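J.: Make a model of this:
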Amino acid sequence: METTVAPTETPAKPRYQTISATLKDEILAGRCPLGSNLPTEHALSERFGASRHTVREALRQLQTDGLIERRQGAGSRVIATAPAAHFSNTISSLAELMQYASSTFLEVLTKERILIGAAEAARVGCKADTLWARVALLRRESIDAPPVCYTLCYLPTRFEGVVDTIGTVPTAVYRIVEDRYATTLHQVHQIVEATLADADVASRLGVAPGSPILTVTRRYETERDGLMEVTVNHHPAATFRHEMTLTNVSRKADEPAQTEPLGEART
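T.: Numbers count the residues shown, from 1 in each chain. Next up, the predicted model:
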(Lines give C-alpha, C1' and ligand atoms only; values in the text may rest on other atoms or scores of the structure.)
Protein backbone atom coordinates (compact mmCIF):
# COMPACT_ATOMS: atom_id res chain seq x y z
CA MET A 1 0.00 0.00 0.00
CA GLU A 2 1.42 3.34 -1.01
CA THR A 3 1.57 6.01 1.65
CA THR A 4 1.17 9.67 0.72
CA VAL A 5 3.07 12.11 2.89
CA ALA A 6 1.47 15.51 3.17
CA PRO A 7 3.81 18.43 2.51
CA THR A 8 5.00 20.29 5.58
CA GLU A 9 3.21 23.60 5.95
CA THR A 10 5.23 26.71 6.66
CA PRO A 11 4.04 28.25 9.93
CA ALA A 12 2.32 31.59 9.44
CA LYS A 13 4.25 34.64 10.59
CA PRO A 14 3.01 36.43 13.69
CA ARG A 15 0.62 39.26 12.76
CA TYR A 16 2.97 42.01 14.00
CA GLN A 17 5.76 40.75 11.72
CA THR A 18 3.45 40.92 8.68
CA ILE A 19 2.43 44.49 9.54
CA SER A 20 6.05 45.48 10.22
CA ALA A 21 7.16 44.02 6.87
CA THR A 22 4.42 45.92 5.00
CA LEU A 23 5.35 49.24 6.63
CA LYS A 24 9.04 48.56 6.08
CA ASP A 25 8.44 47.97 2.35
CA GLU A 26 6.53 51.27 2.16
CA ILE A 27 9.37 53.14 3.87
CA LEU A 28 12.02 51.58 1.60
CA ALA A 29 9.89 52.36 -1.47
CA GLY A 30 9.66 56.03 -0.46
CA ARG A 31 5.91 56.05 0.19
CA CYS A 32 6.73 57.21 3.74
CA PRO A 33 9.40 59.88 3.15
CA LEU A 34 12.32 60.61 5.45
CA GLY A 35 11.17 62.90 8.27
CA SER A 36 7.48 62.11 7.81
CA ASN A 37 5.24 60.63 10.50
CA LEU A 38 3.64 57.23 10.16
CA PRO A 39 -0.13 57.04 10.75
CA THR A 40 -1.23 56.86 14.38
CA GLU A 41 -1.54 53.54 16.21
CA HIS A 42 -5.33 53.91 16.01
CA ALA A 43 -5.21 54.46 12.25
CA LEU A 44 -2.88 51.51 11.73
CA SER A 45 -5.11 49.31 13.89
CA GLU A 46 -8.08 50.14 11.66
CA ARG A 47 -6.08 49.71 8.45
CA PHE A 48 -4.74 46.25 9.35
CA GLY A 49 -7.67 45.09 11.49
CA ALA A 50 -5.27 44.46 14.36
CA SER A 51 -5.13 45.34 18.04
CA ARG A 52 -3.16 48.33 19.32
CA HIS A 53 -0.80 45.90 21.07
CA THR A 54 -0.04 44.14 17.76
CA VAL A 55 0.57 47.47 16.04
CA ARG A 56 2.93 48.56 18.83
CA GLU A 57 4.97 45.37 18.39
CA ALA A 58 5.20 46.06 14.65
CA LEU A 59 6.39 49.61 15.30
CA ARG A 60 8.87 48.36 17.87
CA GLN A 61 10.35 46.10 15.19
CA LEU A 62 10.73 49.06 12.82
CA GLN A 63 12.43 50.99 15.62
CA THR A 64 14.83 48.09 16.23
CA ASP A 65 15.67 48.13 12.51
CA GLY A 66 16.58 51.81 12.87
CA LEU A 67 13.87 53.01 10.48
CA ILE A 68 11.65 55.03 12.84
CA GLU A 69 11.88 57.03 16.04
CA ARG A 70 9.01 56.80 18.53
CA ARG A 71 8.29 59.54 21.06
CA GLN A 72 5.52 59.83 23.57
CA GLY A 73 2.90 62.21 22.20
CA ALA A 74 4.78 62.76 18.94
CA GLY A 75 4.04 59.50 17.11
CA SER A 76 6.45 57.53 14.93
CA ARG A 77 8.77 59.50 12.64
CA VAL A 78 10.76 58.01 9.75
CA ILE A 79 14.47 58.58 10.45
CA ALA A 80 16.06 56.27 7.85
CA THR A 81 15.15 54.80 4.47
CA ALA A 82 17.38 51.72 4.85
CA PRO A 83 17.73 49.35 7.82
CA ALA A 84 20.60 50.11 10.19
CA ALA A 85 23.60 47.81 9.93
CA HIS A 86 23.97 45.44 12.88
CA PHE A 87 27.11 43.67 14.00
CA SER A 88 26.03 40.17 15.02
CA ASN A 89 28.28 38.46 17.57
CA THR A 90 27.46 34.73 17.81
CA ILE A 91 29.61 32.98 20.43
CA SER A 92 28.81 29.54 21.81
CA SER A 93 32.32 28.12 22.26
CA LEU A 94 35.92 29.15 22.84
CA ALA A 95 36.61 28.36 19.18
CA GLU A 96 34.03 30.97 18.12
CA LEU A 97 35.54 33.42 20.61
CA MET A 98 38.89 32.88 18.88
CA GLN A 99 37.24 33.43 15.48
CA TYR A 100 35.76 36.71 16.72
CA ALA A 101 39.23 37.87 17.76
CA SER A 102 40.81 36.96 14.43
CA SER A 103 38.05 38.26 12.13
CA THR A 104 37.82 41.82 13.51
CA PHE A 105 40.26 44.73 13.50
CA LEU A 106 41.73 45.76 16.86
CA GLU A 107 43.08 49.24 17.60
CA VAL A 108 45.13 49.71 20.76
CA LEU A 109 44.41 53.08 22.39
CA THR A 110 46.34 53.04 25.68
CA LYS A 111 48.52 50.72 27.76
CA GLU A 112 49.10 51.37 31.45
CA ARG A 113 49.73 49.82 34.84
CA ILE A 114 47.12 50.87 37.40
CA LEU A 115 46.38 50.50 41.10
CA ILE A 116 42.84 49.29 40.83
CA GLY A 117 40.16 51.08 42.86
CA ALA A 118 37.18 49.58 44.69
CA ALA A 119 34.57 50.15 41.94
CA GLU A 120 36.83 48.84 39.18
CA ALA A 121 37.90 45.89 41.36
CA ALA A 122 34.24 44.89 41.79
CA ARG A 123 33.81 44.84 38.01
CA VAL A 124 37.04 42.89 37.43
CA GLY A 125 36.48 40.48 40.32
CA CYS A 126 39.72 41.15 42.18
CA LYS A 127 40.92 42.81 45.37
CA ALA A 128 41.06 46.60 45.50
CA ASP A 129 44.42 48.38 45.68
CA THR A 130 46.23 45.74 43.64
CA LEU A 131 48.36 46.36 40.56
CA TRP A 132 46.99 45.37 37.15
CA ALA A 133 47.93 46.06 33.54
CA ARG A 134 45.07 47.73 31.62
CA VAL A 135 44.81 48.06 27.84
CA ALA A 136 42.09 50.14 26.16
CA LEU A 137 41.02 48.86 22.75
CA LEU A 138 38.59 49.61 19.93
CA ARG A 139 37.28 46.73 17.82
CA ARG A 140 35.95 47.24 14.28
CA GLU A 141 34.67 44.97 11.51
CA SER A 142 37.28 46.54 9.23
CA ILE A 143 39.98 49.17 9.61
CA ASP A 144 37.78 52.05 8.38
CA ALA A 145 34.45 50.88 9.87
CA PRO A 146 32.81 52.48 12.92
CA PRO A 147 33.69 50.82 16.25
CA VAL A 148 31.53 47.88 17.32
CA CYS A 149 33.18 47.55 20.72
CA TYR A 150 35.23 49.56 23.22
CA THR A 151 37.16 47.18 25.47
CA LEU A 152 39.14 47.52 28.67
CA CYS A 153 41.42 44.49 28.99
CA TYR A 154 42.86 43.77 32.45
CA LEU A 155 45.83 41.49 33.08
CA PRO A 156 47.44 40.54 36.43
CA THR A 157 50.96 41.95 36.52
CA ARG A 158 52.40 38.40 36.40
CA PHE A 159 51.02 38.20 32.83
CA GLU A 160 51.69 41.79 31.71
CA GLY A 161 54.56 40.68 29.49
CA VAL A 162 52.00 40.05 26.71
CA VAL A 163 50.78 43.66 26.64
CA ASP A 164 53.02 44.70 23.76
CA THR A 165 51.80 41.74 21.68
CA ILE A 166 48.11 42.72 21.96
CA GLY A 167 46.86 44.11 18.66
CA THR A 168 49.92 42.97 16.70
CA VAL A 169 48.63 39.45 16.01
CA PRO A 170 45.04 38.29 15.23
CA THR A 171 44.91 36.08 18.32
CA ALA A 172 42.76 36.20 21.46
CA VAL A 173 44.69 37.59 24.43
CA TYR A 174 44.08 34.53 26.59
CA ARG A 175 45.78 32.35 23.96
CA ILE A 176 48.79 34.66 23.95
CA VAL A 177 48.96 34.32 27.75
CA GLU A 178 48.66 30.52 27.51
CA ASP A 179 51.51 30.31 25.01
CA ARG A 180 53.80 32.76 26.82
CA TYR A 181 53.32 31.47 30.37
CA ALA A 182 52.55 27.76 29.83
CA THR A 183 49.21 28.04 31.58
CA THR A 184 45.79 26.77 30.47
CA LEU A 185 42.41 28.46 30.42
CA HIS A 186 39.93 26.56 32.59
CA GLN A 187 36.72 28.57 32.24
CA VAL A 188 35.26 31.88 31.11
CA HIS A 189 32.61 33.55 33.27
CA GLN A 190 30.48 35.98 31.23
CA ILE A 191 28.14 38.71 32.46
CA VAL A 192 25.90 40.57 29.97
CA GLU A 193 24.24 43.79 31.16
CA ALA A 194 22.23 46.65 29.71
CA THR A 195 23.98 49.84 30.87
CA LEU A 196 24.34 53.52 29.98
CA ALA A 197 27.42 55.02 28.34
CA ASP A 198 29.45 57.36 30.54
CA ALA A 199 31.35 60.23 28.93
CA ASP A 200 34.50 58.18 28.25
CA VAL A 201 32.71 55.18 26.71
CA ALA A 202 30.39 57.47 24.72
CA SER A 203 33.32 59.35 23.16
CA ARG A 204 35.00 56.09 22.16
CA LEU A 205 31.88 54.60 20.56
CA GLY A 206 30.66 57.85 18.98
CA VAL A 207 27.35 57.89 20.86
CA ALA A 208 25.76 60.45 23.19
CA PRO A 209 26.54 60.20 26.92
CA GLY A 210 23.77 58.31 28.65
CA SER A 211 22.96 56.25 25.54
CA PRO A 212 21.98 52.61 26.13
CA ILE A 213 24.82 50.15 25.54
CA LEU A 214 25.44 46.46 26.06
CA THR A 215 28.29 45.68 28.46
CA VAL A 216 29.79 42.18 28.35
CA THR A 217 32.29 41.32 31.08
CA ARG A 218 34.35 38.15 30.61
CA ARG A 219 36.58 36.72 33.35
CA TYR A 220 39.11 34.19 32.08
CA GLU A 221 40.35 31.82 34.79
CA THR A 222 42.93 29.07 35.13
CA GLU A 223 42.79 26.36 37.76
CA ARG A 224 46.37 27.05 38.85
CA ASP A 225 46.71 30.84 38.64
CA GLY A 226 43.16 32.15 39.07
CA LEU A 227 42.30 35.15 36.90
CA MET A 228 44.44 35.34 33.78
CA GLU A 229 42.50 38.09 31.96
CA VAL A 230 39.34 40.18 32.35
CA THR A 231 37.69 42.12 29.54
CA VAL A 232 34.93 44.70 29.89
CA ASN A 233 33.37 45.14 26.44
CA HIS A 234 31.02 48.02 25.66
CA HIS A 235 28.83 47.74 22.52
CA PRO A 236 26.45 50.34 21.01
CA ALA A 237 22.97 48.95 21.67
CA ALA A 238 21.56 50.17 18.35
CA THR A 239 24.05 48.32 16.16
CA PHE A 240 25.03 45.22 18.14
CA ARG A 241 23.33 41.87 18.65
CA HIS A 242 24.73 39.12 20.85
CA GLU A 243 23.61 35.55 20.11
CA MET A 244 24.33 32.44 22.14
CA THR A 245 23.12 28.85 21.89
CA LEU A 246 22.88 26.73 25.04
CA THR A 247 22.98 22.95 24.65
CA ASN A 248 21.89 20.52 27.35
CA VAL A 249 24.84 18.12 27.08
CA SER A 250 24.02 16.20 30.27
CA ARG A 251 20.73 14.71 29.06
CA LYS A 252 20.88 11.24 27.51
CA ALA A 253 18.72 10.34 24.52
CA ASP A 254 16.44 8.02 26.52
CA GLU A 255 15.99 10.37 29.48
CA PRO A 256 12.93 12.61 29.86
CA ALA A 257 13.37 16.34 29.46
CA GLN A 258 14.28 18.31 32.56
CA THR A 259 11.36 20.14 34.12
CA GLU A 260 13.30 22.39 36.45
CA PRO A 261 14.89 25.60 35.06
CA LEU A 262 18.46 25.34 33.81
CA GLY A 263 19.34 28.75 35.20
CA GLU A 264 17.90 31.77 36.93
CA ALA A 265 17.46 35.42 35.98
CA ARG A 266 18.40 38.23 38.32
CA THR A 267 17.07 41.77 38.32
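J.: Which parts of the protein are strands?
T.: Using DSSP state E, the strands of the chain run over residues 68-71, 75-78, 87-90, 105-115, 131-140, 147-156, 187-196, 212-222, 226-236, 240-243.
J.: Of these, which is nearest L38?
T.: strand 75-78 (4.3 Å; C-beta to C-beta). Where you see a C-beta, it was placed from the backbone N, CA and C, and this is true even at glycine.
J.: for the closest one, packing partners?
T.: Other helices and strands packing on strand 75-78, by 3 or more C-beta pairs under 8 Å, 6 or more residues apart in numbering; DSSP states H and E, are helix 52-64, strand 68-71.
J.: Rounded mean pLDDT for that strand, please.
T.: Regarding strand 75-78, the rounded mean pLDDT is 88.
J.: Can you point out the buried residues in it?
T.: Residues S76, V78 are the ones in strand 75-78 that count as buried (16 or more other C-beta atoms under 10 Å).
J.: Could you do stretch 205-215 as well?
T.: By neighbour count on 16+ other C-beta under 10 Å, the buried set for stretch 205-215 is L205, V207, S211, I213, L214, T215.
J.: now stretch 174-187
T.: By 16+ other C-beta under 10 Å, the buried positions in stretch 174-187 come out as Y174, R175, I176, V177, E178, T183, L185.
J.: do stretch 40-54 as well
T.: Neighbour-count burial for stretch 40-54 [16+ other C-beta under 10 Å]: E41, L44, S45, F48, A50, T54.
J.: can you list the weak-confidence ranges in this structure?
T.: 1-12, 83-103, 239-267 (pLDDT under 70).
J.: follow-up on the earlier one: of the buried residues of stretch 40-54, which is the nearest to N233?
T.: The closest of those to N233 turns out to be T54 (C-beta to C-beta; 35.4 Å).
J.: what about the closest one, distance to I176?
T.: Distance, T54 to I176, by C-beta to C-beta, to the nearest Å: 51 Å.
J.: hmm, back to that, how about CSV for the strands of the chain, with distance to Y16 added?
T.: Formatted as CSV, the strands of the chain follow (distance: least, C-beta to C-beta, whole Å):
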stretch, distance to Y16
strand 68-71, 14
strand 75-78, 14
strand 87-90, 22
strand 105-115, 37
strand 131-140, 34
strand 147-156, 28
strand 187-196, 23
strand 212-222, 22
strand 226-236, 25
strand 240-243, 19
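J.: For the helices and strands packed on strand 75-78, state which one has the densest average packing.
T.: Each of the helices and strands packed on strand 75-78 was scored by mean neighbour count; the highest is helix 52-64, a mean of 18, by mean count of other C-beta atoms under 10 Å.
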